[in-house]
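Enquirer: sequence first, then the predicted structure:
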Amino acid sequence: MEPVFLGAVTILALLEQAYFSLQVIYARRKYSVSPPSTTGPPEFNRVYRAQANCSEYFPLFITALWTSGIFFNQGLSCVFGVLYLYGRLQYFWGYAASPQGRLAPLYVCAKVLWALIGCSTVGVFLSFSKIYLNTDLLQITTAALGLY
Amino acid sequence: MEPVFLGAVTILALLEQAYFSLQVIYARRKYSVSPPSTTGPPEFNRVYRAQANCSEYFPLFITALWTSGIFFNQGLSCVFGVLYLYGRLQYFWGYAASPQGRLAPLYVCAKVLWALIGCSTVGVFLSFSKIYLNTDLLQITTAALGLY
Amino acid sequence: MEPVFLGAVTILALLEQAYFSLQVIYARRKYSVSPPSTTGPPEFNRVYRAQANCSEYFPLFITALWTSGIFFNQGLSCVFGVLYLYGRLQYFWGYAASPQGRLAPLYVCAKVLWALIGCSTVGVFLSFSKIYLNTDLLQITTAALGLY
């Protein structure tokens, strides 16, 4: 499997983080909050925290995306990946507007991340049973469900 | 090599981070610290900082785990990985109880991380000498030590 | 392709982060800032923020380094990688001295990170066209430029 689509979603994720970082730089200028300070008026604090939260979850997202994409299914993982990145954009804009505005998209992102972790877990189990138990669980399940 | 065990430890690491994040959410509710604020009573600050520190080290850990697992040895890296994750759990609980409580497990985690970085370095050197110097250093060492 | 050089740059990046973390520990002792507190005199705050910024960008750097190295070119990516790590060292030392001292190396790091994201994008496009469009864009371009 060539992970071209995982690569594409990864680039999208990097570009999104770059966009968030630029928004913090603009907010620093607008509200005159010079480094190393990280607090200012509430408008600045929300933008700063939105970016900090997205940065904190970036490695979790990339890790779950690739684990799910490699062990389970690249296409599905990338669909979840794009959903997550879209949710993060809504989260960032929502949080910049008000603390309440961050909640709905944050729940979506959390659910998508759980889906990626779930797919990763299933994928690792399937790989394990294939290699070490010499059993293709996916094929057995498909056959049992009469889908085969 | 199929990195099934590295995948499994990675999933464990993701689950642990999810657990830490949930603890911060509960602490925010318990001590009435609403976002974007990140400070409150000492009890809250400790939980918040414990999670922030674990998040900060998550990418270092995942990077060292996989570099060590791919270039050196999957099994040993996964043993270190599980040790690290166990240490982080003790660190989180210890820090939530008192600033002193974080120290002992933090030292364990730091040592395990150094072990993973050390294994990565040895692994990259061995791969390099095999590919570019056409020399299997591992075999030479084993032979020299009379272990072969 | 054996990613030995990507592995080597990754280890360098881990060692650099370890160095930054140690500097924060020394600064905590020197300026008597005990965890969970993260603020103190300006000298401490600058070291703390320098390390926090480097940590925040570590996953973006590692992700861009490997995406560029796998999809585009390992050698070029590693040259950019070493440049980035050197820039981060200058950034850390500059920021520790004064807020202005961080700017010049930060711009270098940002440009190098953009270069890695650019190489990743080109690499993913080339892989995509090779696999799904059955077209070797690199060969066509080289031929069109009379370089072939």
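Expert: Okay, I see it.
Enquirer: only C-alpha atoms from now on, for both contacts and neighbour counts.
Expert: Will do.
Enquirer: in this structure residue A:87 contacts residue A:102, no?
Expert: No: with contacts counted by C-alpha atoms under 8 Å, residue A:87 stays clear of residue A:102, the gap being 9.9 Å.
Enquirer: which residues are in contact with residue A:63?
Expert: Contacts for residue A:63 were tallied using C-alpha atoms under 8 Å, 6 or more residues apart in numbering or on different chains; they are residue B:10.
Enquirer: do you know how far it is from residue A:16?
Expert: When distances are taken as C-alpha to C-alpha, to the nearest Å, residue A:63 and residue A:16 turn out to be 16 Å apart.
Enquirer: what strand or helix carries the most centrally placed residue in chain A?
Expert: The centroid of chain A falls nearest to residue A:61 when counting by C-alpha atoms, centre = their mean (3.7 Å). Mapping residue A:61 onto the secondary structure by DSSP states H and E places it in helix A:42-71.
Enquirer: which parts of that helix are buried?
Expert: In terms of neighbour count (16 or more other C-alpha atoms under 10 Å in any protein chain shown), helix A:42-71 has its buried residues at A:43-52, A:54-71.
Enquirer: touching the helix or strand that that helix is followed by from outside, list them.
Expert: Using DSSP H and E, the helix or strand that directly follows helix A:42-71 along the chain is helix A:74-97. For helix A:74-97, contacts defined as C-alpha under 8 Å, 6+ apart pick out A:3, A:5-6, A:9, A:12-13, A:16, A:20, A:43, A:46-47, A:50-51, A:54, A:65-66, A:68-69, A:100-106, A:108-109, A:112-113, A:115-116, A:119.
Enquirer: rerun at 7 Å
Expert: A:5-6, A:9, A:13, A:43, A:46-47, A:50, A:65, A:68-69, A:101-102, A:105-106, A:108-109, A:112, A:116 (C-alpha atoms under 7 Å, 6 or more residues apart in numbering or on different chains).
Enquirer: try stretch A:13-27
Expert: Outside stretch A:13-27, the residues within contact range by C-alpha under 7 Å, 6+ apart are A:44, A:47-48, A:51, A:85, C:60.
Enquirer: tell me, what's the model's pLDDT at residue A:8?
Expert: The confidence metric pLDDT takes the value 98 at residue A:8.
Enquirer: which residue, other than its chain neighbours, is closest to it?
Expert: Take residue A:8 and drop its neighbours on the chain: the residue closest to it by C-alpha to C-alpha, 6 or more residues apart in numbering or on different chains is residue C:124, 6.5 Å away.
Enquirer: same question for residue A:39.
Expert: Counting by C-alpha to C-alpha, 6+ apart, the nearest residue to residue A:39 once its immediate chain neighbours are dropped is residue A:45, at 5.8 Å.
Enquirer: hmm, the one you found is touching residue A:31, no?
Expert: No: using C-alpha atoms under 7 Å as the test, residue A:45 is too far from residue A:31 to be in contact (10.0 Å).
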